[in-house]
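Student: the sequence and its predicted three-dimensional model are supplied below.
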2 protein chains.
Amino acid sequence: MDATTLDREDPLARFRAEFDLPEGVIYLDGNSLGALPHRTKARVRDVTEHEWREGLIRSWTDAGWMELPQRVGDKIARLVGAPAGTVIATDSTSVNLYKALSIALAANPARRIIVSDRANFPTDLYIAEGLLRQLGAPHELLLVDPTEEAIEKALGERGSEVAAVFHTHVNFTTARLYDMARITSAAHRAGALALWDLSHSVGAVPIDLAGSGADLAVGCGYKYLNGGPGAPAFLFVADRLHHLPQPLSGWMGHAQPFDFSPAYRPARGISRFLSGTPSVIAMSALESSVDLMLEAPMADIRRKSAALCDAFITAVDEQCAGRGLELVTPRDGAIRGSHVSYRHPRSADVMKRLIARGVIGDCRPPDLLRFGFAPLYLRHADVSAAVTILRDCLE
Amino acid sequence: MDATTLDREDPLARFRAEFDLPEGVIYLDGNSLGALPHRTKARVRDVTEHEWREGLIRSWTDAGWMELPQRVGDKIARLVGAPAGTVIATDSTSVNLYKALSIALAANPARRIIVSDRANFPTDLYIAEGLLRQLGAPHELLLVDPTEEAIEKALGERGSEVAAVFHTHVNFTTARLYDMARITSAAHRAGALALWDLSHSVGAVPIDLAGSGADLAVGCGYKYLNGGPGAPAFLFVADRLHHLPQPLSGWMGHAQPFDFSPAYRPARGISRFLSGTPSVIAMSALESSVDLMLEAPMADIRRKSAALCDAFITAVDEQCAGRGLELVTPRDGAIRGSHVSYRHPRSADVMKRLIARGVIGDCRPPDLLRFGFAPLYLRHADVSAAVTILRDCLE
């Protein structure tokens, strides 16, 4: 089928009009910063110009600001297959990851190793490094190759020392989608916990945290969730770990924050993993964008994401052969997220030319061109036009 | 002089029109959540509807998003007497405090005690408790009475074990202003660092971090700075401590964040104390509000703050005598911040009635009525009207 027909028959077609997209741009970077929904624009105005301006301090109760982390968390929970009461939206991905790793170490104090893949998102590794350095030897970050087999091998060799396996769900460069159930099971067989970074999958790929038995997860609010630049991130902690301490024990995680008592007493449930006060404007923007995504069936999102990526890869095969592009993303949609990356010896130049022509993707070192396909607002016609321009830019 | 004359002669009079204040409200809670400046309303629209909507990912460079933490930090530095390059705006006060305490402990690894005052803001104590629990014995949080003498006594007894004295600049209930130079000197004489929480003083009280020799400080963006609900907080780290590690070592603090290298290498200077990605919308709102405050001479702010508090206390003395109010705030403006608190046996009821009459303050346990005086948007006429209504509400 041609792009026009595919777009006409797209069950998600109506969602494009929900976004306030700039003219003259084909936006293939929604995997890095999602686009602005119309309703989120309106929500930002409302929270600023009505709830803050008029309500002032009263809005903490009257406008429900106090419950934003739990309320937005419960909505994100539906996107990641987690029960209500196990997800909060707050802080940055980095800060939430620090909490999640701390919880994992607290669950198994005799175990001092965190296993991760060396291709994990760098900031994830930096945070693990920071925590383990702070705690000192014999804590260790054990990095292995980014394959399910490498994780299983490491667990086979040193499993009894491992507190947690910490893996990315979709790799930020290759888009390789990892088998959450398989890696989680391997961690559990070794007596370790499984911690997932969902930043590059949430909103584009079906996620079943409960079904896979995952223990902990973090994810980003500003990529496919379209929560806005630097939107709050989220943290999932399975019920069975809600008794554990976390070091960033600020007032929002207190059992009675408005008692202002001098001693910390953690809230029940997921709330104890809150720290300080998150931005209400940023949280409200995220909530509005998540509400929009919840209107789209995840099966449709996944189907369209795979189709857009397939169409892009096929068209590049056909039109750009012999022009220096080397695909690093799996061709098999079953093990692929929603972006596609190519090596190219002059990647930065090519991307500069693409952006000048209105096709926005990004570069990742050392030589990658990366293109993201956000199913809610991209059309097959965009993919087709983008490849034509890419071909020109490679000449 | 009467209120009308004082307001006419107020050198800060023009600033009231910079705020978009709701009709029919006398807002005496700017010490908890500042009011919305017109320019901040416009800035929030611009960053959302122009920089995010149109610029999308390009705005990280084109709109200067990447430098927001340092740029806003440098502006706040001017309000707290700190050199450029020693303050960043990011994260919440709680998270920044966790970093600051970690830096203090890293500076003096042989010392395991943090001294603070037991009347410190509760979340500050919770965070200290969380960090020290995580690090384990023999780390200890030593709480003393909230006086300069009590701090000096504790340092006299156990100074050689103390890594840092961590004190609030203005107490959140009593409004007592502590002597930063004196406590900092006492800490230094004991070989310890001095860490200040400026949340209840920044924007209302002159602060001289450099002059007093302070080592570390944190503060809040949403009180007198008017940055919006849950605005990013800030962290000051004196130059001489910029070599120290911090545990929340995320990508924004990396020397080359866009290299995406797997190993953490901290940035030079204050930037290494950044962690994850802060909300760009929230940071932009804070920047706009701080810009406004920088137009007002701090000496004028301080003078007006003291005059408003004095006028309130005097009027309450005159009009509300014998109605159950007990002042807990110093009458001496030299040791007082910019809010005033009274005990009252039915504080919650009284505040409810006040709010119903348009006078917004707040309650703090167990029995405090608290009134904040933000010099940029309050007038003497507001103080006078508020006390009249307070008198009615006490009947």
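Tutor: Great, that's in hand.

Student: tally up the residues packed near residue A:4, please.
Tutor: 12 (other CB atoms under 10 Å in any protein chain shown). Any C-beta I mention is one placed from the backbone N, CA and C, and that applies to glycine too.

Student: what helix or strand does it sit in?
Tutor: helix A:3-8 (DSSP states H and E).

Student: ok, then the element right after that helix?
Tutor: Assigned by DSSP H and E, the successor of helix A:3-8 is strand A:26-27.

Student: do that next one and chain B meet?
Tutor: Yes. Strand A:26-27 reaches chain B (CB under 8 Å from any CB of the partner chain) through residue A:27.

Student: likewise for stretch A:236-249?
Tutor: Yes. Stretch A:236-249 comes into contact with chain B (CB under 8 Å from any CB), by way of A:245, A:246, A:247, A:248, A:249.

Student: give me the secondary structure label for the residue of the stretch 151-300 of chain A at minimum distance from chain B.
Tutor: Per CB to the nearest CB, residue A:276 is where the stretch 151-300 of chain A lies closest to chain B, at 2.7 Å. Put simply, residue A:276 is coil when judged by DSSP: H, G, I helix; E, B strand; the rest coil.

Student: check contacts around it.
Tutor: A:91, A:250, A:251, A:252, B:91, B:92, B:93, B:94, B:95, B:123, B:233 (CB atoms under 8 Å, 6 or more residues apart in numbering or on different chains).

Student: mind doing that once more with 10 Å?
Tutor: A:90-91, A:95, A:248, A:250-253, B:91-98, B:123, B:126-127, B:220, B:230, B:233 (CB atoms under 10 Å, 6 or more residues apart in numbering or on different chains).

Student: cool, residue A:234 as well?
Tutor: A:69, A:72-73, A:75-77, A:79-80, A:82, A:87-91, A:93, A:96, A:198-199, A:202, A:217-221, A:225, A:227, A:286, A:290.

Student: now the residue sitting nearest the centre point of chain A: closest residue in space, sequence neighbours ignored.
Tutor: Compute the mean C-alpha point of chain A, and by CA atoms, centre = their mean the closest residue is residue A:199, 1.6 Å away. Among residues not flanking residue A:199 along the chain, residue A:220 sits closest, at 3.8 Å (CB to CB, 6 or more residues apart in numbering or on different chains).

Student: wait, the one you found touches residue A:202, no?
Tutor: Yes. Using CB atoms under 10 Å, residue A:220 makes contact with residue A:202 at a distance of 7.3 Å.

Student: tell me which of these two has more neighbours.
Tutor: Using other CB under 10 Å, the more surrounded residue of residue A:220 and residue A:202 is residue A:220, with 29 against 25.

Student: next, give phi and psi for that one.
Tutor: phi -100, psi 140 (degrees, to the nearest 10).

Student: got a list of what it touches?
Tutor: The contact partners of residue A:220, by CB under 10 Å, 6+ apart, come to A:31-32, A:34, A:92-93, A:96, A:121, A:197-203, A:227, A:230-234, B:276-277.

Student: centre of the chain to stretch A:106-114, how far?
Tutor: 25 Å (CA atoms, centre = their mean, to the nearest Å).

Student: nope, stretch A:355-368 is what I meant
Tutor: 20 Å.

Student: list the buried residues of that stretch.
Tutor: A:355, A:357, A:359, A:360, A:361, A:362, A:363, A:364, A:367, A:368 (16 or more other CB atoms under 10 Å in any protein chain shown).

Student: from those, pick the one nearest residue A:27.
Tutor: residue A:360 (5.3 Å; CB to CB).

Student: so what pairs up with that closest one in the strands?
Tutor: Assessed by DSSP bridges, residue A:360 has beta-bridge partners residue A:27.

Student: how about the stretch 1-150 of chain A: which residue is closest to chain B?
Tutor: Here the stretch 1-150 of chain A gets closest to chain B at one residue, residue A:92, 2.6 Å apart by CB to the nearest CB.

Student: farthest-separated two in the residues of stretch A:236-249 next to chain B?
Tutor: A:245 and A:248 (10.2 Å).

Student: so if I had to pick from these two, which one is more boxed in?
Tutor: With neighbours defined as other CB under 10 Å, residue A:245 and residue A:248 compare such that residue A:248 has more, 28 against 15.

Student: right, and that one touches residue B:128 too?
Tutor: No. If you go by CB under 10 Å, residue A:248 and residue B:128 don't touch, sitting 11.5 Å apart.

Student: any residues in contact with both of the two?
Tutor: Common neighbours of residue A:248 and residue B:128 (CB under 10 Å, 6+ apart) are B:97, B:98.

Student: what sits against residue A:44?
Tutor: A:36, A:228, A:281-282, A:284-285, A:288, B:44-45, B:47-49, B:52, B:281 are the contacts of residue A:44 under CB under 10 Å, 6+ apart.

Student: same check on residue A:71?
Tutor: So residue A:71 contacts A:64, A:65, A:88, A:89, A:283, A:287 (CB under 10 Å, 6+ apart).

Student: quick one: pLDDT of it?
Tutor: We have a pLDDT of 98 for residue A:71.

Student: I'd assumed it was in a strand, is it?
Tutor: No. According to three-state DSSP, residue A:71 belongs to no strand; its state is helix.

Student: related to what we said a few turns ago, which one of the residues of stretch A:236-249 next to chain B sits closest to residue A:269?
Tutor: Looking across these and measuring by CB to CB, the closest to residue A:269 is residue A:246, at 13.0 Å.
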